[in-house]
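Participant: the sequence and its predicted three-dimensional model are supplied below.
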Amino acid sequence: KQEVTQIPAALSVPEGENLVLNCSFTDSAIYNLQWFRQDPGKGLTSLLLIQSSQREQTSGRLNASLDKSSGRSTLYIAASQPGDSATYLCAAFDNYGQNFVFGPGTRLSVLP
Amino acid sequence: DTGVSQNPRHKITKRGQNVTFRCDPISEHNRLYWYRQTLGQGPEFLTYFQNEAQLEKSRLLSDRFSAERPKGSFSTLEIQRTEQGDSAMYLCASSRGQVGEQYFGPGTRLTVT
């Protein structure tokens, strides 16, 4: 059974700092991995999708990498801003269950 | 592309009552997923449809829960005889194909008193 974990659970950084969020999954047989952002009380906003054949994806200040062999993905945020404050979730698409398995999220606070 | 919509946004009900939620996916998306999210946790998969066929159901989906997608467009999730433990955010997502990017709706927050 696929399990997804995220470290750290919470992170607080000053504005302008570069940061890395970590996601680990137990079963490397995944179709893809998706990173989301969730603001309090809201739905999820898709940030980046990495297919299993890809190593990384970039969008603006965000870069996500995928290493299936080690069961890890990272989300790199450059030059963080207060507007980046939110919970960041990763989800691995499980080949067997045909559905996304989510991690618990990392709650990010960027201080002005 | 008008995005995924969900109604109602909030629902307060008394224990034992039935509730129904609706999800309208992005029009060209053939896959539709339902998730449940409790405070401080990531979403948990409940069920998904490919067109009108319900292909997978989680063990979380007890016999009090039923989902439909009658014409392969919108979907409904019904909870019968609600319990306090059903209080959660119910999220709907849609995607194009099996491995497409998932787009989420704003969710329906259910409170069972």
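Facilitator: Right, received. Where do you want to start? Residues are numbered from 1 along each chain as shown, chains lettered A, B, ... in the order given.

Participant: state the distance from the residue in chain B that chain A sits nearest to to B:Arg81.
Facilitator: Among the residues of chain B, B:Gly42 lies closest to chain A, at 3.3 Å counting by Cβ to the nearest Cβ. In short, each C-beta sits where N, CA and C put it, glycine included. Separation of B:Gly42 from B:Arg81 (Cβ to Cβ, to the nearest Å) stands at 27 Å.

Participant: so how far does stretch B:17-28 reach from one end to the other?
Facilitator: Start-to-end span of stretch B:17-28 (Cα to Cα, to the nearest Å) is 34 Å.

Participant: quick one: buried residues of that stretch?
Facilitator: For stretch B:17-28, burial by neighbour count (16 or more other Cβ atoms under 10 Å in any protein chain shown) applies to B:19, B:21, B:23-26.

Participant: so B:Gly42 and B:Arg81 - more neighbours on which side?
Facilitator: Neighbours were counted for B:Gly42 and for B:Arg81 using other Cβ atoms under 10 Å in any protein chain shown; B:Gly42 has more, 22 against 10.

Participant: just checking, that one touches A:Thr106?
Facilitator: No. With contact defined as Cβ atoms under 8 Å, B:Gly42 does not reach A:Thr106; the gap is 10.5 Å.

Participant: wait, what's in contact with A:Trp41?
Facilitator: Not quite, residue A:41 is Gly, not Trp. For A:Gly41, the contact set (Cβ atoms under 8 Å, 6 or more residues apart in numbering or on different chains) comprises B:Arg109.

Participant: SS state for it?
Facilitator: Classification of A:Gly41 using DSSP: H, G, I helix; E, B strand; the rest coil returns coil.

Participant: got the buried residues of stretch B:17-28 as a markdown table, with secondary structure columns?
Facilitator: Shown next, in a markdown table, are the buried residues of stretch B:17-28 (three-state DSSP):
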| residue | secondary structure |
| --- | --- |
| B:Val19 | strand |
| B:Phe21 | strand |
| B:Cys23 | strand |
| B:Asp24 | strand |
| B:Pro25 | coil |
| B:Ile26 | coil |
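
Participant: so which of those residues reach chain A?
Facilitator: Contacts with chain A within these, as defined by Cβ under 8 Å from any Cβ of the partner chain: none are present.

Participant: all good on my end, thank you.
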